[in-house]
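*Asks:* coordinates only, sequence not included:
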């Protein structure tokens, strides 16, 4: 005795009725209700309570088919496990690696991987679920041997799996048991199953085999031919044929609200939609809304606002609200986050949970695994270092700056696809660097100067993370050396648990991952995965792990995929992400069993059309099970940045509603795109706008409302700093104040450099001050710097580091040899040889802390330095002999060095690259530059503040220090350009002009500092290399010019300086 | 107004109505509609498709929607096309006076519409490729990489590191033998490229973008469907370079003026002498490039202080002779070296493409060009596949035909660029390029803007 009854279910209400009607024998009722999942079971239980039949719950068991099938098998003494679904890909890999003789598939190609394992596993699983057998595959001759190959692979899989079965096989074997003997069924009482059209063939066969079972078929629209044929195949002459009438929910079928009309007409045949007598909408009534949004963010924002509105205005219980999407990720996570930020945070339940890698801890674990897969390349490691647990609990983890400092100070470190074993060098590089630094620190005077990038700090930073890096290197060694999966997972887990900071519930991530990997580690075939393949399996397991968010049935907004929500009753549903192609889109062709071959097994094996129709049916069921309101929402721009039309569903919804056209008032049976906008989207937009103005629930709406209000409520003006009138006045164009950098009269006590001996100012700071005082304020006074980035291998040494390197070489060379070189002793070749040795040594030292992109690039940069040093020496040699005085001469560090600046003094400090005496009368000052040259030509022929301030300051310093430094009283200054654009920019005979200008520039600088005026530069070219254009805004220069227009004192001087520059 | 009346909007007859009808009804010839924006090309295409799947004359045979492909060039346009076809099918079905035969055909079309081949040209190629990944030699699980920057980066790294480690041949294990045979030469080229002071990676500054080896890689990858002409390796004509260099040095050394310009030229002459004294072509390439950059703001009356002789030397160094067209000395010095380096780089092409293929295989991705390229190759190389795929589609409808990349049709011609820089078909060559089984194509011009009709 198998199937006892087959009947149709139109909605959840019908199903509840069927449960109530189940016959019960005996004093203690026992019923079995077979459901697809726990959420439907919960909905049925709740439904029974809602209709006053909670008594039916007594003795009623809700259970899914696979659990029942396992019980059947276990009763028969089956000793197997049902883990095979998780193992199938690995099993296929193992089978493909054996010597199977294939006809169509090229063994070498599929053994090489490239995804054939996954593709084969998926196809075999699909066939198995559809009840297609190996024999059926063998019986067909089409497909040039593809089907026979597939049959061989499948057979080999089953053989290799032994007693490890997939869920489909469990169902199939249980059905066979029941067919063989009704005694195999051990459950008392009547059984009822509710199934939809997407049920697979093995489930249907199992259900049909259950003695005395009654099956309710959840019917749906549209009933296409292929759907009917499939239902006929699965259930025989079934009650799924015939029109589906009735709207959603109990007693709502004849209503005239839009949602009732939608329930009756959605996906109905076009001729019925066009029929004059059918029910039509008289216009939007709030029960059905069609929305289009500019993008996904706007959609999510609107969804949050809608939930808030339902809860606060409509008093709808949270559990009665559903937010549904075609696919769960990534919209579900975005919705959860957005709902949590509502003023009255709305808890959410996500059906299926959120990806573990979405959590901070999960993302960190993934970053570690990916770094291992990339052989601990330096970019990945630089960002990982901040997440490592320090060596002791008293210490803190690394900051981004410290991590960047470490990664940039190790030279070329880390492996790559081409150099996998270099991954293992991290530990030794860190150790070597630690030793170098320890030696440097030991050589430092006591007390050591405390600067963030000095040796002692770096030593401390490296010490904090070295144990973690050592541990990670051990894991990398396991990958590189090809450790088996269980061994690799063991060392990886140990690292994650001991050395990775996993905030929040992160400690559970390694355990969760361990549970996912357990079947793989246990299975002998999978455990043979080694090295990179084993790591790939761990990454796969992590990426597919999900964590639960909320619990179904709790008072929380339901968030889920459309597929998972079919069959659940809601009062209000919003379906998001309905862009064209996102919902009910054609699945990709199966590369193993393309649709023309798959069609040989139709209707047993569902085809692409069946799968698409199942999506449509699920949506139809959701519409019919929603009682109060439903929103369809489409983003015009999806998360991948592409533009899309709305999904066809919106056209179907509009056609089903049959609203009168908003423009012509006519009723076209099928609206076109323009009518869809006018009649569906426009009213929704207008309604939302109006509501947001009245009820500023979200921050965006709040701002909109603020903008629209004539008078601001007093409660909003409480915080002085945020007072809107104050902010408005600050931003207003006609008045200038602190936001423009004009701090005079604000009563602020700023520690300004240059005005006191304790805080001297450098020439480069002065240059920035006079280029753009506002940048000086942001960068030098407020200390706004960009976040340090992770240092990857560089294709060339960055300008700043190269400049430092060149200066270092020149210092090391001229310190001992400057005097003899100046007197032109020996030969140029002699000096070149010495200088090149110095250059090589300094370059080698740089490589220890600066990552370069390979040997070729390293050699290129070495040659660059060699060439620049040689060219510099050669040029000097060709000039006049001189008396070497100093290289890298410091000033203003030990003793304050004031320079006259109008009525005041500015205290300066810095280093002069070269000081030499030419003849007895002139001191020559050189500043060596490795950047772009500025020869004295064209506009730059005379002194220019941005270019020459540094030279002018050095000249004034040299004159002031002439006595102390035993220098002649006359000076000449020059920039010596080295490298790409070599040359020089010198002021010797006309140095007085430069000195005069410099005094004026210093006067202006001092005035600005004393008056605390830091206006923006009116010249766009001053902003070219500035990091703050987004802070200043697009009108920065115009506003700067306006601020200077009527200013006096320092502002007037600065205005004059900029006027001259502009000439 | 009644529903039925609304279904039949009254529209004035337009002058080219007969042509439009012909474009919809023609069955035996290709149809090329050439018309401006807003004339109703897409409307005709939709009408033609509906007429094919459900002819208004029941006696005509219908074509299953599965045997039609409608192709356009952006995802948005494809979505719009799909929506318009659905809208037309639904609207026609909702109409009265439909015969049972036509109703049945329209319903069948609606049933299959969601799985029909209506999309972008790339999605169409993707659909066909996934039918035969084994023959195409691609991953069955491939994803489509919209952006190729990471792949280019990985390819560049493989090229540079492979050259340094002497491992290029290993990296090229999956490539053809003639490509593997180039591994040694490629490694040498990379070394020379870097020796010449050229950048391994592109450098973006505020004002300029300086190309690097990755720029070369990206260029090859983006245009790999049009391989450069084969060219034999050759040694640079260093003698010509030296000869031009000596000419400049001799002229500059004779200068006796003290102007900044003359001094600068004498300094350059000394530098050129030193550079030419050294040997390797890569060194000459890099050094001369740096040395012979012309400073801006060199003016005859200012920096050269009216020194005619020095000014003439400057002109010879940088300016092409306007009368004879003879190249400048700078060009004569550098051109042989640049040609040499260019040839070496061009010969990298197959190696770069093979390394790029390696990266894609590793990540199991194809890029947009691959979709067209791989499909073209599989159709070209596998007769059985070609026959099978040809059998699938009876009609192909192409909207925005002018946007076709010639590769999409297997045309080996050089594409032109449209205003957005996209590679498109040269419309002048479009008609002969079309296959024309009937012997003739029907070209239809639509002069009347249909969108404006209502207002007129």
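*Replies:* That came through fine. Keep in mind the model is a prediction, meaning the values are calculated, not measured.

*Asks:* now do the phi/psi pair for the residue in the stretch 301-450 of chain B that chain A sits nearest to.
*Replies:* As assessed by Cβ to the nearest Cβ, chain A sits closest to residue B:364 within the stretch 301-450 of chain B, at 5.2 Å. Just so you know, the C-beta spots here come from the backbone N, C-alpha and C atoms, and that holds for glycine as well. With angles defined as degrees, to the nearest 10, residue B:364 sits at phi 50, psi 50.

*Asks:* what's near enough to touch the residue lying closest to it once chain neighbours are set aside?
*Replies:* Closest residue to residue B:364 apart from its sequence neighbours, by Cβ to Cβ, 6 or more residues apart in numbering or on different chains: residue B:139 at 4.2 Å. For residue B:139, the contact set (Cβ atoms under 8 Å, 6 or more residues apart in numbering or on different chains) comprises A:114-116, B:133, B:361, B:364.

*Asks:* on that earlier part again, and the pLDDT at the residue of the stretch 301-450 of chain B closest to chain A?
*Replies:* We note a pLDDT of 84 for residue B:364 in this prediction.

*Asks:* and what of residue A:849?
*Replies:* pLDDT, residue A:849: 73.

*Asks:* how close does residue A:736 get to residue A:485?
*Replies:* 68 Å (Cβ to Cβ, to the nearest Å).

*Asks:* what do you get for residue B:91?
*Replies:* 59 Å.

*Asks:* cool, residue A:852 as well?
*Replies:* If you go by Cβ to Cβ, the gap between residue A:852 and residue A:485 works out to 36 Å.

*Asks:* ditto for residue A:1052
*Replies:* According to Cβ to Cβ, residue A:1052 and residue A:485 sit 76 Å apart.

*Asks:* pairing partners for the closest residue in space to residue A:14 that isn't next to it in sequence in the sheet, please.
*Replies:* Leaving aside its sequence neighbours, residue A:14 sits nearest to residue A:216 (Cβ to Cβ, 6+ apart; 7.2 Å). Counting by DSSP bridges, residue A:216 is bridged to residue A:7, residue A:194.

*Asks:* quick check, residue A:216 in contact with residue A:18.
*Replies:* Yes - with contact defined as Cβ atoms under 8 Å, residue A:216 and residue A:18 form a contacting pair (5.3 Å).

*Asks:* find residues that contact each of these two.
*Replies:* A:7, A:9, A:192, A:194.

*Asks:* wait, the first one sits on residue A:17?
*Replies:* Spelled out, that is residue A:7. No - between residue A:7 and residue A:17 there is no contact under Cβ under 8 Å: 10.4 Å.

*Asks:* just want to know which of these two has more residues nearby.
*Replies:* The residue with more neighbours, out of residue A:7 and residue A:17, is residue A:17; 16 against 13, by other Cβ atoms under 10 Å in any protein chain shown.

*Asks:* for the helix or strand containing residue A:351, which helices and strands make contact with it?
*Replies:* Taking DSSP states H and E as the definition, residue A:351 sits inside strand A:348-355. Under the contact criterion of 3 or more Cβ pairs under 8 Å, 6 or more residues apart in numbering or on different chains; DSSP states H and E, strand A:348-355 touches helix A:331-340, strand A:546-549, strand A:557-561, helix A:562-565.

*Asks:* hmm, who's touching that strand?
*Replies:* A:39, A:323, A:328-329, A:332-333, A:335-336, A:339-340, A:362, A:543, A:545-552, A:554, A:556-561, A:564-565.

*Asks:* and residue A:123, what does it touch?
*Replies:* A:150, A:590, A:592-593.

*Asks:* next one: it, what pLDDT does it get?
*Replies:* 96.

*Asks:* which residue comes closest to it once chain neighbours are left out?
*Replies:* residue A:592 is the one closest to residue A:123 (Cβ to Cβ, 6+ apart), at 4.0 Å.

*Asks:* so what's the residue count around the one you found?
*Replies:* Neighbour count of residue A:592, defined by other Cβ under 10 Å: 25.

*Asks:* now swap in residue A:26 and tell me
*Replies:* Residues lying near residue A:26 (other Cβ under 10 Å) number 9.

*Asks:* again, but for the one 3 residues further on
*Replies:* Burial measure for residue A:29: 18 neighbouring residues, criterion other Cβ under 10 Å.

*Asks:* in three-state terms, label it for me.
*Replies:* The three-state assignment at residue A:29 reads coil, by DSSP: H, G, I helix; E, B strand; the rest coil.

*Asks:* got a list of what it touches?
*Replies:* Residue A:29 sits in contact with A:58-60, A:189, where contact means Cβ under 8 Å, 6+ apart.

*Asks:* distance to residue A:352, neighbour count and pLDDT added to those residues, as TSV?
*Replies:* Shown next, in TSV, are the contacts of residue A:29 (distance: Cβ to Cβ, whole Å; neighbours: other Cβ atoms under 10 Å in any protein chain shown; pLDDT from 0 to 100):
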residue	distance to residue A:352	neighbour count	pLDDT
A:58	31	11	89
A:59	30	15	88
A:60	26	21	92
A:189	32	18	88
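
*Asks:* now, which of those residues sits nearest residue A:818?
*Replies:* Checking those against residue A:818 with Cβ to Cβ, the nearest one is residue A:60 at 98.1 Å.

*Asks:* wait, isn't that closest one in contact with residue A:33?
*Replies:* Yes - with contact defined as Cβ under 8 Å, residue A:60 reaches residue A:33; the gap is 6.1 Å.

*Asks:* any residues in contact with both of those two?
*Replies:* With Cβ under 8 Å, 6+ apart as the test, residue A:60 and residue A:33 both reach residue A:19.

*Asks:* where in the chain is pLDDT low?
*Replies:* In the absence of a named chain, chain A is used. A:1, A:113-114, A:237-254, A:445-453, A:695-735, A:786-793 (pLDDT under 70).

*Asks:* I was after chain B.
*Replies:* For chain B, the stretches flagged by pLDDT under 70 are B:1-13, B:206, B:403-456.
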